[in-house]
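Novice: I need the structure of the sequence given here:
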Amino acid sequence: MAGSTRRAFLTTLGTLGFIGLGAGTGTAMTTDGHSSKSTVSANPTFTEIDGIESFIDAVMSKRIGTEIPGASVAIVEGSDPVLAKGYGYADMNSGTPVQADETTFEAGSVGKLVTWTAVMQGVQDGLLDLDEDVNTYLDNSDVQVPDAYEDPITLRHLGTHTSGLESALAPAVVDTPDQLTSLETVLVERRPERVRPPGKAVGYSNYGAALAGHMVAETYDTPFEEHVQSTIFEPLDMSHSTFAQPVPEERPGTLAASHRRDGSEFITAEPVYINMWPAGSMTATATDMATFMSAHLGDGSVDDTRILESDTVATMYSQHYERHPAVNNWRYGFYEYGHPDGDVIAHSGGTIYQESQLALAPQHDIGIFVNYNLRTDDEESLAVIDEILEEYNLQPDSTTPISTSESGGKQRAETVTDEYGLTMLPQNGPLKSLDSLSRVSVEAAGDGRLLSKTLDGSREWVEIDPYVYQEQDGNDVLAFDIVDGEVAAMHESSLPQNTYRSVPFHERQLVTGGVLGVSLSGFVLSILGWGGHYAYRQWRHDRTATGATTMEPSTGEPTQVTESGNDEEGCA
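Specialist: Next comes the predicted model:
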């Protein structure tokens with residue numbers, strides 16, 4: 001299995017200038033040779049900080065102009081800003097450079113961390129309870145969660161994506177602002193089925209995050225976007241941040257234009273809007289997100305401004321759902337990231353045309369944020385996070401797996417041989433059949449080893465404990481729940497947004513690298529979730545007048561390319 005490609009694909013399904021922080025401001029050259037304002041701490045305390053800016057410049061130079069048109073990066077250590085810098089272009093057509101303290105990006109699901117922070121404020125105020133039936137807080141709303149199982153859905157389930165609600169991959173994306181509805185309306189109209197008891201498996205849910213935001217709004221009797229503005233953004237002086245759509249004209253900063261690829265060309269894309277606001281409509285600068293990270297790393301406080309009490313932060317960062325002891329699990333709203341023995345917690349975000357990553361290493365007091373104005377299926381932005389974590393020793397070193405399992409490894413490998421499907425994909429409706437494209441075939445490979453296969457390729461696994469396997473050429477882990485001698489669930493450490501279930505016999509197919517000759521990261525994303533909307537719009541753009549821009553290799557300057565045609569309206 002091609003691990004990085006699969007991680008990017010599955011994460012996608014799920015899927016900040018330091019103003020007021022005492023930072024010095026200077027001018028730096030972006031890696032494409034263009035001047036861009038950079039904000040760097042005058043007295044950084046980041047371990048091995050010498051050369052941090054040149055290191056990040058080198059990391060980004062591999063991507064700007066070839067993989068992405070523009071990006072913004074922020075790093076903090078506690079309340080101290082280490083770096084906030086823009087790279088490349090906010091808009092390829094105009095040649096406007098990215099500025100970390102002025103250019104806002106679509107944060108996508110990284111905005112969920114603000115939503116979960118607002119939930120914890122409600123818990124702190126004694127108005128919300130993580131273990132109370134969600135319907136308790138919906139008495140005055142048309143939104144109701146039906147009784148389908150003995151146990152009710154709670155906020156703890158929503159914050160760990162274990163509600164048992166059928167996954168809704170795209171949070172109600174529309175093309176124009178006049179298609180936006182109230183949050184309550186979209187939650188009523190798009191309510192998914194309850195397909196499993198709560199607390200039994202992870203199945204990433206945009207609907208669940210939007211429902212949590214609605215509960216906050218109902219509890220405080222204030223529209224969600226206004227509530228977080230007054231309780232999080234304004235206190236932290238995150239003046240460029242908002243969930244409002246379209247971005248209010250009075251909001252400072254300029255929203256980065258979205259882009260898509262057409263071969264080697266970057267083509268500006270029309271904006272889209274997200275009806276499930278708390279699940280992904282936030283826009284922010286790198287510097288604003290730096291402040292947000294500092295508040296979290298500061299036990300809820302930064303620069304004498306407190307948004308959470310320290311014990312509330314401790315509760316949020318404690319483990320709220322354990323898939324398996326050997327793999328990455330869920331804190332409240334954050335998932336554990338990277339090496340299973342590390343301390344990094346994170347969240348990825350992606351809209352149709354932009355993506356972001358936020359990672360915190362609380363034990364090291366480090367926060368990292370990356371934003372792109374082109375969607376790379378999370379592959380490139382995750383790679384930036386990984387390179388920083390590795391360079392500054394924020395994760396345990398990679399190790400070669402050594403089989404420590406006792407006798408019986410061959411039998412255990414045969415026990416787990418099966419075909420597995422994702423709980424994070426729709427279980428009903430027309431998209432149900434498409435989950436076959438994301439299945440994993442696991443088979444015994446001799447000496448107690450496993451071979452996993454998907455349409456993207458294969459990976460080999462070594463048993464390091466009974467029913468726990470480490471990737472032969474990496475740190476990823478597969479772990480199996482065994483009940484009465486049979487597999488109840490499979491967990492992949494690098495995919496905390498999902499639990500794998502055995503595929504019913506009548507739905508099975510032999511999964512081999514090359515079956516159907518399709519790519520998970522390409523074909524599936526073009527028809528599922530965010531990608532379905534993207535595919536339609538790309539088809540429309542391919543037929544219509546669009547401004548295409550490429551980077552001139554010799555100069556790094558944007559070059560305009562035009563296409564002729566007539567635009568047509570279509571449904572989202």
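Novice: what number of residues lie near Gly457?
Specialist: By other CB atoms under 10 Å, the residues close to Gly457 number 16. In this view, the C-beta of every residue, glycine as well, is placed from N, C-alpha and C.
Novice: Could you tell me how far it is located from Val440?
Specialist: According to CB to CB, to the nearest Å, Gly457 stands 11 Å off from Val440.
Novice: so how far is the helix or strand harbouring Arg412 off the chain centroid?
Specialist: For Arg412, the element it lies in under DSSP states H and E is helix 409-416. The chain centre lies 34 Å from the centre of helix 409-416; the measure is CA atoms, centre = their mean, to the nearest Å.
Novice: quick check: mean pLDDT across the following helix or strand past that helix?
Specialist: Toward the C-terminus, helix 409-416 is succeeded by strand 418-422 as the next helix or strand (DSSP H and E). For strand 418-422, the mean pLDDT works out to 92.
Novice: now the next helix or strand after strand 418-422 against strand 418-422, angle please.
Specialist: Going down the chain from strand 418-422, the next helix or strand is strand 440-444, by DSSP H and E. Here strand 440-444 points in a direction 150 degrees away from that of strand 418-422 (axes from the mean of the first three to the mean of the last three CA atoms, to 10 degrees).
Novice: center of this protein - which residue?
Specialist: Taking CA atoms, centre = their mean, the centroid of the chain lies closest to Ser348, which sits 1.9 Å from it.
Novice: Tell me where the stretch 251-400 of the chain has strands.
Specialist: All strands of the stretch 251-400 of the chain, identified by DSSP state E, counting those that start in this stretch, fall at 254-255, 258-262, 265-269, 273-274, 283-284, 301-302, 305-306, 335-336, 345-350, 355-361, 366-372.
Novice: hey, which of those strands is tucked in deepest?
Specialist: Highest mean neighbour count of the strands of the stretch 251-400 of the chain: strand 366-372, a mean of 29 (counted as mean count of other CB atoms under 10 Å).
Novice: Please identify which helix or strand holds the residue of the chain positioned farthest from its centre.
Specialist: What lies farthest from the middle of the chain is Ser407; by CA atoms, centre = their mean that is 39.9 Å. Per DSSP H and E: Ser407 is located in neither a helix nor a strand.
Novice: quick one: it and Asp484, what's the gap?
Specialist: Ser407 is 21 Å from Asp484, by CB to CB.
Novice: Ok, Glu77 next?
Specialist: Distance of Glu77 to Asp484, computed by CB to CB: 49 Å.
Novice: From what I see, Gly280 and His347 are in contact.
Specialist: No. Contact criterion CB atoms under 8 Å: Gly280 and His347 do not qualify, at 11.2 Å.
Novice: between the two, what contacts are shared?
Specialist: 109, 112 (CB atoms under 8 Å, 6 or more residues apart in numbering).
Novice: ok so, going back, what's the pLDDT at the residue farthest from the centre of the chain?
Specialist: Reading off the model, Ser407 has pLDDT 81.
Novice: how much space between it and Glu443?
Specialist: Taken as CB to CB, the span from Ser407 to Glu443 is 20 Å.
Novice: what does Leu187 give?
Specialist: Distance from Leu187 to Glu443, by CB to CB: 42 Å.
Novice: again with Arg331
Specialist: 34 Å.
Novice: residue ranges with poor pLDDT in the chain?
Specialist: 1-50, 168-171, 378, 404-406, 427-435, 509-572 (pLDDT under 70).
Novice: ok, which stretches of it are helices?
Specialist: With DSSP state H, the ranges of helices along the chain come out as 3-13, 52-61, 112-124, 155-159, 183-189, 206-220, 224-228, 277-280, 286-297, 310-317, 379-391, 409-416, 525-527, 529-542.
Novice: mind checking which of those is nearest Asp447?
Specialist: Minimum separation from Asp447 across the helices of the chain (CB to CB) falls at helix 409-416, 7.0 Å.
Novice: same for that closest one, what does it pack against?
Specialist: Packing partners of helix 409-416 (3 or more CB pairs under 8 Å, 6 or more residues apart in numbering; DSSP states H and E): strand 440-444, strand 457-465, strand 486-492.
Novice: how about those in JSON lines, adding distance to Glu419?
Specialist: Shown next, in JSON lines, are the helices and strands packed on helix 409-416 (distance: least, CB to CB, whole Å):
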{"stretch": "strand 440-444", "distance to Glu419": "5"}
{"stretch": "strand 457-465", "distance to Glu419": "14"}
{"stretch": "strand 486-492", "distance to Glu419": "10"}
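Novice: Quick one: residues contacting the residue nearest to His364 when sequence neighbours are not counted.
Specialist: Among residues not flanking His364 along the chain, Leu394 sits closest, at 5.5 Å (CB to CB, 6 or more residues apart in numbering). By CB under 8 Å, 6+ apart, the contact set of Leu394 is 342, 344, 361, 364, 366, 388.
Novice: Okay, now stretch 151-159: how far is its last residue from its first?
Specialist: By CA to CA, to the nearest Å, the extent of stretch 151-159 from end to end equals 16 Å.
Novice: quick revisit: phi, psi for the residue nearest to His364 please.
Specialist: phi -90, psi 0 (degrees, to the nearest 10).
Novice: about what we covered before: now the helices of the chain in TSV, with mean neighbour count and distance to Val134?
Specialist: Compiled in TSV, the helices of the chain are given as follows (neighbours: other CB atoms under 10 Å; distance: least, CB to CB, whole Å):
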stretch	mean neighbour count	distance to Val134
helix 3-13	23	24
helix 52-61	18	42
helix 112-124	23	11
helix 155-159	26	7
helix 183-189	18	11
helix 206-220	25	6
helix 224-228	21	15
helix 277-280	29	14
helix 286-297	29	25
helix 310-317	17	18
helix 379-391	20	32
helix 409-416	17	35
helix 525-527	18	31
helix 529-542	19	24
